[in-house]
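Engineer: Pasting the sequence and the predicted coordinates here, then a few questions.
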Amino acid sequence: MTSDRPSPSFAPPMSSEQRKAFPFSEFEPKWQDVWEARKAFRTPNPGDADFDATKPKFFVLDMFPYPSGAGLHVGHPEGYTATDIIGRFKKMSGFNVLHPMGWDAFGLPAEQYAIKTGQHPRATTEKNIEGFRGQLKRLGFAYDWDREVNTTDPGYFKWTQWIFLKLYNSYVNDEGKARPIAELEDALSDNPKMIDQWRSNGTLMAYHDCYKNSTSGVRDDTRAQIISEARLAFVSSAPVNWCPELGTVLANEEVVDGKSEVGGFPVERRPMRQWMLRITSFAQRLIDELDGLDWPESIKLHQRNWIGRSEGAEVKFKVAGVDETIAVFTTRPDTLFGATYMVLAPEHRLVDVLVTEEQATAVEEYREKAGRKSDMERTELAKDKSGVFTGAYAINPVNNEQIPIWTADYVLMGYGTGAIMAVPAHDERDWEFAIKFDLPIKHVVAQPKPSAPCLWDPRPQGPKAGRWVFADDTKSEIIGYSDPNVCYIGEGIARKSGFLDGLPTLEAKRKIAAWLEEKGLGKGTINFKLRDWLFSRQRYWGEPFPIVWEDGNHRSIPESELPLLPPTLEDFKPTGTPEPPLSKATDWVRYSATATRELNTMPQWAGSCWYYLRYCDAQNSERFVGEEAEKYWMGGGKPGGVDLYVGGTEHAVLHLLYARFWHKVLFDLGYVSTPEPFQRLVNQGLIMGEDGQKMSKSRGNVVNPDDVVQEYGADSLRLYEMFMGPLEQVKPWSMKGVEGVYRFLARVWRLVMEVDEEGVWSVSAKLQDVPANKQVTKALHETIKKCGEDIEKLSFNTAISQMMICTKTFTAEEVMPASAIVTFLKVLSPFAPHIADDLNAHIATKFPALAVDGLLSDATWPKYDPAALIEDEVEVVFQVNGKLRDKARVPIQATKDEIEKIALASARVQEFMEGKTPKKIIVVPGKLVNIVV
RNA sequence: GCCGGAGUGGCGGAAUUGGUAGACGCGCCAGACUUAGGAUCUGGUUGGGAAACUAGUGCAGGUUCGAGUCCUGUCUCCGGCACCA
């Protein structure tokens, strides 16, 4: 170690072998092998022989990775180390800990890589998983590898398909709960067999009566339609982003400026038949049931915003001269008197019906242009409104005024009714549109008058400025302020609104809603931004749907035919048409003489919607998860089953929302015991490159964990990732920082080990079987206390700092008390498990009675002794007028009076008191004295 | 534009209920052991000042014996969403 070093300059990197401050490259793989051989982290399930039912459970979960060919990056081990520390700590603290890992391995990247390299995605996926698993094992994570899941494994996706069948065979009843579709089928039959089960359900009874009374000629079709439309998994043909080049539909997020994010290929909008999941039926519950979860408020808010609940009213407008009505949704029914025109989305059914001959060409042209635009393009051009007059007029139900009906793409078909009443005076979008096309603007809400007396006058100055206004021209009481040149979107007082005049917005909304309902012209309604979930993809590398088609109708295949394997295709390239690649498997496609298989596959989200459940009982071939295992690991009396879920914010909405949705369906159907999957959620922050930029290949600032392990060892990597700063924070990487924790571990190593001239390590002569002195004992017990508390708080950086302080105290000693060191190693072991187990084993060779027998992960987390923390004396600070002037050590039991006396006696204090008499003296025992003069 | 988060040394970051600002680490400086140091150990390290002292937690106020922490206003940075009627 000290001799034959290579020359200091231009030393080749490989010489690092001789520079190692402790032999981590030897003992790290050794202990990883020991843990694996002993199945040290196998977690027994209820029913297993070695299961201890008296222990509480702790389910700690990582967001499982997509095994890419690039391998792990340093962002992965951040969250994984955090959960590993928690898991190991909980295990030592007497919990049954479930801490598993798996692979989210279906998906487009694997498929495209396969196409590029000509390999089968199954082969590349297997290879990538091998790589990832090896990397994770080299970091020493305490996973129970017997519970590993892989979404592309038939034993796994059998149950993904099974859950799809549950969705397919369920509907939502009038209580908003998922129920078997059999109930609905039963109600729509002549001789119901389960009537006792649904007799109390008003909707089903009504369906039943309706069915019985309908004429037999049409009722079979109606029945089939009702059932088909009620399913949670259903078929729709809405326009989607179709990318011919990639040969698949793309999500809106995958389309940028009308081109595909990957490759920059053109994307067109076209209606296609596809599978949807009825997540919208759960919108309200997905909002409400966030309340019971320990998630960051920002994520909850994000989900609420995404679901986008808004309360308002639906209003029906008659069309002048035609027997049609147009329903609109508005959150401001109180502004109905200010509606001066109406807009239909270009895709709206009535556009064609209403358009007049003169406008037909212009409207047709506009519709076609709008249809070609992607959602993204529509949004891009948000500032520049476009639209065409249809030539038709609607009648405003409150005043029978005729208002023009336009079509414009700023109204989206997918939200509300796809039609709006435009109130330009009180809606910015309508305002812009009205200005551009010179449509009338009618102000019907006055900005409220400030409550007197008030110096504030909101009126802008100038000749065109607004003025104080009356409710209408016949009244004389000023109700507020209105500026005809300004669009006012806030709440206020209704004016020029007939029977609403003078009412504040909230009351006006209530009154108009009641009025509309009474006249049968509308009603209060709640709308959600959330859309149903587009669930089908034209891809090869995904779960096939357990569905067949016959005579244009779909039906499920029996559960006994699961798993439905994808065909082994040599050529799985896109077809170049919307026909999915599975269409190439002509034999596979033919289900029977008359029926063919569904050709779409499920999106990548499907497998990740329920993997946490599979972990509870990963080997079960009878059920997606065993009942007893599910009850134990997902139970615990809280709404969410997983005790701690750690992952990145990129999944704040989609994955977490989809998984919650599936979980609720399974809950309603009685397959799981909690309404929510994840009780506590923590988002780890992004790790940036050393330059403070996001890590990326193009910037050349990517840090490879393998290199770090090679150079400093897994323990150093783990420790550094936790020492960088708070888990949830964005923080830059620093190789120098890794060296810092590496040096710390080397110091720990040398507490126990010493090296001879040949560079051979042996247990240090300083290590002895002696009791720890008072100072060491105090440092040790402070460390036990702080680390335990900090791990619970996920404050790993401060826990590590405390261990560094403790090590310094040890280092200063002439003699190392072996049993104290062993206790310290227990505290260190969740963070740096390899070095901890290795040093414990070394200590065992010399002091078998003092070391832990076996693995530290099986040891019990030490208890700290509060008595050891107490000192005889504490330092008390003396302030004069709030400024620090002196300090003194005072006995811990000193009374307030005694401390005060000591303070007043201080020469420095007296100097700053300048002989004045104290006005006030504040004494905080054990802390400070502040003398005010 | 809207929503959310954050502003503390040269850097990453610490600071119970308001009670010694800058723990711990990096970097830097000095010393020790050394033929050598990019190893190890010891000490120092917010700015100004020789020192006593003084200023100091984005900025401006306020409450308090005492404010990084509480209140009001304001600026900057980061992240997300963005025609949802």
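Structural biologist: Noted; the coordinates are in hand.
Engineer: Contacts for stretch A:63-70 next, please.
Structural biologist: Applying CB atoms under 8 Å, 6 or more residues apart in numbering, the external contacts of stretch A:63-70 come out as A:72, A:76, A:79, A:101-105, A:107, A:109, A:113, A:124-125, A:127-129, A:131-132, A:149, A:604, A:608, A:611, A:645-648, A:651, A:655. The way it works is simple: take the backbone N, C-alpha and C, and place the C-beta from them, glycine included.
Engineer: and if we set it to 7 Å?
Structural biologist: Outside of stretch A:63-70, the residues within contact range by CB atoms under 7 Å, 6 or more residues apart in numbering are A:76, A:101-105, A:107, A:109, A:113, A:124-125, A:128-129, A:132, A:611, A:647-648, A:651.
Engineer: Same check on stretch A:717-732?
Structural biologist: A:77-78, A:81-82, A:85, A:139, A:682-690, A:692, A:705, A:708-709, A:737-738, A:741, A:745, A:794, A:796-797, A:800, A:831-832.
Engineer: ChimeraX command for the buried members of the contacts of stretch A:63-70?
Structural biologist: Buried members of those, defined by 16 or more other CB atoms under 10 Å, are picked up in ChimeraX with:
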select /A:76,101,102,103,104,105,107,109,113,124,125,128,129,132,611,647,648,651
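Engineer: coming back round to it: restricted to buried residues, select the contacts of stretch A:717-732 in ChimeraX.
Structural biologist: Buried members of the contacts of stretch A:717-732, defined by 16+ other CB under 10 Å, are picked up in ChimeraX with:
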select /A:77,78,81,82,85,139,682,683,684,685,686,687,688,689,705,708,709,737,738,741,745,794,796,797,800,831,832
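Engineer: Show me what the mean pLDDT comes to for stretch A:728-740.
Structural biologist: Taken as a whole, stretch A:728-740 has a mean pLDDT of 92.
Engineer: Likewise for stretch A:598-605?
Structural biologist: 93.
Engineer: Can I get that stretch as CSV, trimmed to CA atoms?
Structural biologist: Extracted C-alpha coordinates of stretch A:598-605, given in CSV (Å, rounded to 0.1, in the frame of the first residue of the first chain):
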residue,chain,number,x,y,z
GLU,A,598,-58.5,-8.7,-31.7
LEU,A,599,-55.3,-7.4,-33.3
ASN,A,600,-54.4,-4.5,-31.1
THR,A,601,-52.2,-4.9,-28.0
MET,A,602,-52.3,-3.2,-24.6
PRO,A,603,-50.3,-0.1,-23.8
GLN,A,604,-47.2,-0.3,-21.6
TRP,A,605,-49.2,1.1,-18.7
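Engineer: centre of the chain versus it, how much separation?
Structural biologist: Relative to the chain's own centre, stretch A:598-605 is displaced by 22 Å; criterion: CA atoms, centre = their mean, to the nearest Å.
Engineer: How confident is the prediction for residue A:813, by pLDDT?
Structural biologist: Confidence score, pLDDT, at residue A:813: 89.
Engineer: Tell me which helix or strand it sits in.
Structural biologist: For residue A:813, there is no helix or strand it lies in under DSSP states H and E.
Engineer: Direction included, what does the longest strand along chain A pair against?
Structural biologist: As assigned by DSSP state E, the longest strand anywhere in chain A is strand A:309-319. Strands that pair with strand A:309-319, judged by DSSP bridges, come out as strand A:325-330 (antiparallel), strand A:388-395 (antiparallel), strand A:522-528 (antiparallel).
Engineer: Make CSV out of those and add mean neighbour count, mean pLDDT and distance to RNA strand B.
Structural biologist: Formatted as CSV, the strands paired with strand A:309-319 follow (neighbours: other CB atoms under 10 Å; pLDDT from 0 to 100; distance: least, CB to the nearest atom of the strand, whole Å):
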stretch, mean neighbour count, mean pLDDT, distance to RNA strand B
strand A:325-330, 21, 95, 4
strand A:388-395, 22, 95, 14
strand A:522-528, 17, 92, 6
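Engineer: Those into TSV, with extra columns for distance to residue A:916?
Structural biologist: Putting the strands paired with strand A:309-319 into TSV (distance: least, CB to CB, whole Å) gives the following:
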stretch	distance to residue A:916
strand A:325-330	72
strand A:388-395	84
strand A:522-528	69
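Engineer: Mind checking these for the one nearest to residue A:625?
Structural biologist: strand A:522-528 (30.5 Å; CB to CB).
Engineer: immediately after that closest one, which helix or strand?
Structural biologist: Taking DSSP H and E, what comes next after strand A:522-528 is strand A:533-534.
Engineer: how much distance is there from that next one to the middle of the chain?
Structural biologist: Using CA atoms, centre = their mean, the offset of strand A:533-534 from its chain centre is 18 Å.
Engineer: For it, give me every contacting residue.
Structural biologist: Taking CB under 7 Å, 6+ apart as the rule, strand A:533-534 contacts A:240, A:274, A:276-277, A:279, A:658.
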